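Q: Next come a sequence and a model predicted from it.
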Amino acid sequence: MRHLPRLLSAAVLFAGTAGALAGCSAVPPEPAPEPPIRVWEPRGPVRGQLVALHGFGDHKGAFEGLGRWLAERGIRTLAYDQRGFGEQRDRLFWPGTAALVDQAREVVARVRAHHPDLPLWLLGESMGGAVALLAASGPDGAPVEGLVLVAPAVWGGETMPSFYRATMRALAALVPWLRVSGRGLPVRPAEDLEVVRALARDPLYLGEPRADSVVGLLALMDDAPAAGPRITARTLLLVPGRDDIVPTRVQLSFAETIAAADCRLLLYPRSRHLLLRDRDRLLAWRDLLAFLEGQPPPSGLARPCRPASPSGRRRSPPRARATATE
């Protein structure tokens, strides 16, 4: 049983092993026609736009620091509360993969329609990265110039320990309303403890999700990796080297499946899961801005997502499989 904490390491942001009995309502409220949004607007000329998708349990405020920093450099950033999170009416209830993906595509389409002359990028962090992957892939993919994935939640399929999957499915079947918590598990979402304390103080942060929401997340993480071979837009993948939420090795393995001809991977050795808020955030922010500007990342950490084959050519990504959202 010494590996049990590792088996449950997704719990800090994704779920946990025990919790309080609360939130027993079986019928979620209807979501609002438009999601709650935050926009960080440049004071001067706008050079581009970024739509940002938050992680599981989080909300649009997760991008406060990055949004302000990019706005000072001419990039308008829009973040919104995804279905089931933040200030959404259906908070606590899992909306389903298709609803999350459709919402992302709708928001991107509206932003594109309002400012068709500006380049537009889609950024997804953790769970938001899984949603962004599915939203940007395939013939109906969101119309963006590029995709930014930050510690994407691609821990699905055979890479997820069967014990954890079976436990959460059993809880969801027996007590779907059970609120679960990751308190007590030896995992750290950020090296900076003030970032962790801020999450605990945040009234909009959902630290104890329902068991059936966790199972919904597992389904999303099963589908997301299959989108890699269908991604054609320029892609930037930011990977924390000390991620014990979505294991670093899983993210690195996934990177090799991304089909985009221009796909860059940056591995930050000292960073943890909440890379964009952790101690080395400025390093990641600068690399991100360089990507948006079409420049080499200044950290010097960039490398191709797919290693070269012995012949010197980039390896071809594996063929995609069908997913539940198609």
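A: That came through, no problem. None of these values were measured; they are calculated from a predicted model. Numbers count the residues shown, from 1 in each chain.

Q: shaky segments in the stretch 151-300 of the chain?
A: 157-186 (pLDDT under 70).

Q: give me that answer again for 80
A: 156-187 (pLDDT under 80).

Q: Within its sheet, name the partner strands of the helix or strand containing Thr235 and how each one runs.
A: Thr235 is part of strand 234-240 when elements are defined by DSSP states H and E. Counting by DSSP bridges, the strands paired with strand 234-240 are strand 146-150 (parallel), strand 263-268 (parallel).

Q: Check what contacts that strand and list those residues.
A: 145-152, 248, 251-252, 255, 258, 260, 262-268, 271-273, 275-276, 278, 284, 287-288, 291, 305 (CB atoms under 8 Å, 6 or more residues apart in numbering). Yep, even glycine has a C-beta here, placed from its N, CA and C like the rest.

Q: Weed out the non-buried ones from these.
A: When these are checked for burial by 16 or more other CB atoms under 10 Å, the buried set is 146-152, 248, 251, 255, 258, 260, 263-268, 271-273, 275-276, 278, 284, 287-288, 291, 305.

Q: Show me the helices in this structure, by range?
A: 4-7, 64-71, 97-114, 127-136, 162-174, 193-201, 211-223, 248-255, 281-292 (DSSP state H).

Q: and among those helices, the most buried is which?
A: helix 127-136 (a mean of 30; mean count of other CB atoms under 10 Å).

Q: if you average pLDDT over stretch 101-116, what comes out?
A: On average, the pLDDT along stretch 101-116 is 96.

Q: Likewise for stretch 60-77?
A: 98.

Q: Need the distance between the two termini of it.
A: 11 Å (CA to CA, to the nearest Å).

Q: What of stretch 87-98?
A: For stretch 87-98, the end-to-end distance is 20 Å (CA to CA).

Q: go on, stretch 57-73?
A: End to end - CA to CA - stretch 57-73 spans 29 Å.

Q: Just checking the distance from that stretch to the centre of its chain.
A: Centroid separation for stretch 57-73 versus its chain: 14 Å, with CA atoms, centre = their mean, to the nearest Å.

Q: which phi and psi does the closest residue to Gly241 other than its chain neighbours have?
A: Nearest non-adjacent residue to Gly241, counting by CB to CB, 6 or more residues apart in numbering: Pro269, 3.9 Å away. According to degrees, to the nearest 10, the main-chain angles of Pro269 amount to phi -60, psi -30.

Q: What is the neighbour count of Pro269?
A: 11 (other CB atoms under 10 Å).

Q: Ok, Gly141 next?
A: Considering only other CB under 10 Å, Gly141 is surrounded by 20 other residues.

Q: I'd like to know how far Met127 sits from Pro139.
A: 24 Å (CB to CB, to the nearest Å).

Q: Repeat that for Ser299.
A: Counting by CB to CB, the gap from Ser299 to Pro139 is 35 Å.

Q: of the two, who's got more company?
A: Between Ser299 and Pro139, counted using other CB under 10 Å, the more crowded position is Ser299 (14 against 6).

Q: tell me the contacts of that one?
A: Leu266, Leu283, Arg286, Asp287.

Q: The first one contacts Gly300, doesn't it?
A: No - in terms of CB atoms under 8 Å, Leu266 does not count as a neighbour of Gly300; the distance is 9.4 Å.

Q: show me the contacts for Gly61.
A: Contacts of Gly61 (CB under 8 Å, 6+ apart): Arg38, Ala79, Gly86, Asp202, Leu204.

Q: now the residues you listed as CSV including neighbour count?
A: Formatted as CSV, the contacts of Gly61 follow (neighbours: other CB atoms under 10 Å):
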residue, neighbour count
Arg38, 18
Ala79, 30
Gly86, 23
Asp202, 15
Leu204, 16
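
Q: Tell me the one among those residues nearest to Gly228.
A: Checking those against Gly228 with CB to CB, the nearest one is Ala79 at 24.0 Å.

Q: which residues pair with that closest one across the strands?
A: Assigned bridge partners for Ala79, using DSSP bridges, are Arg38, Ala52.

Q: Sweet, I'm off.
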